[in-house]
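Trainee: Pasting a predicted model and its sequence here:
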Amino acid sequence: MKIEPLDDRVLIKPLEAEEKTSGGIILPDAAKEKPQQGEVIAVGPGRTLDTGERAPVAVKKGDTVIFPKYGGDTVKIDDVEHRIVRESDILAILE
């Protein structure tokens, strides 16, 4: 299935939650934190300005980003959970 986000929305595939702590303790599913990092899968064309032009989007497909833990909407694509967030909700781009 192909999804193209609208306006300034970004489709993100969250990275997997850590299975172990830094000390080597294996975490059960209930104890894992929601991931806050993910890979940008698709980007909308940008929001429409009052002049009718599109504002450029700062992220691009393939970027690794940090997003709010509970922000955006969760959607399932081919049995894999993705998040759709607004560009303004993205906190940082990891390099």
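Mentor: Everything's here; your move. Everything numeric in this text was worked out from a predicted model, so none of it was measured.
Trainee: what ranges of the chain fall below the confidence cut-off?
Mentor: 17-35 (pLDDT under 70).
Trainee: go with 90
Mentor: For the chain, applying pLDDT under 90 flags the ranges 1-3, 15-36, 68-72, 77-79, 95.
Trainee: what's the neighbour count on Met1?
Mentor: Counted with other Cβ atoms under 10 Å, the neighbours of Met1 add up to 5. The way it works is simple: take the backbone N, C-alpha and C, and place the C-beta from them, glycine included.
Trainee: The chain should start at 286 in everything you say after this.
Mentor: New numbering, starting at 286: the last item is Met286.
Trainee: Name the residues linked to the nearest residue to it once chain neighbours are set aside by a beta bridge.
Mentor: Residue nearest to Met286 in three dimensions, not counting chain neighbours: Ile362, with 5.6 Å by Cβ to Cβ, 6 or more residues apart in numbering. With DSSP bridges as the criterion, Ile362 is bridged to Val365.
Trainee: Give me the neighbour count for Ile362.
Mentor: For Ile362, the neighbour count with other Cβ under 10 Å is 13.
Trainee: got it, and Lys287?
Mentor: When neighbours are counted by other Cβ under 10 Å, Lys287 registers 5.
Trainee: which SS class is it?
Mentor: Under DSSP: H, G, I helix; E, B strand; the rest coil, the three-state class of Lys287 is coil.
Trainee: In the protein, which residue is most central in space?
Mentor: Ile297 (3.0 Å; Cα atoms, centre = their mean).
Trainee: Next, the contact list for the residue nearest to that residue when sequence neighbours are not counted, please.
Mentor: Closest residue to Ile297 apart from its sequence neighbours, by Cβ to Cβ, 6+ apart: Gly323 at 3.9 Å. By Cβ atoms under 8 Å, 6 or more residues apart in numbering, the contact list for Gly323 reads 297-300, 349-350, 352, 368.
Trainee: who wins for neighbours among those?
Mentor: Sorting the contacts of Gly323 by how many neighbours each has (other Cβ under 10 Å) puts Ile297 first, at 25 neighbours.
Trainee: how about it, what does it touch?
Mentor: Per Cβ under 8 Å, 6+ apart, neighbours of Ile297: 323-326, 350, 352, 357, 367-370.
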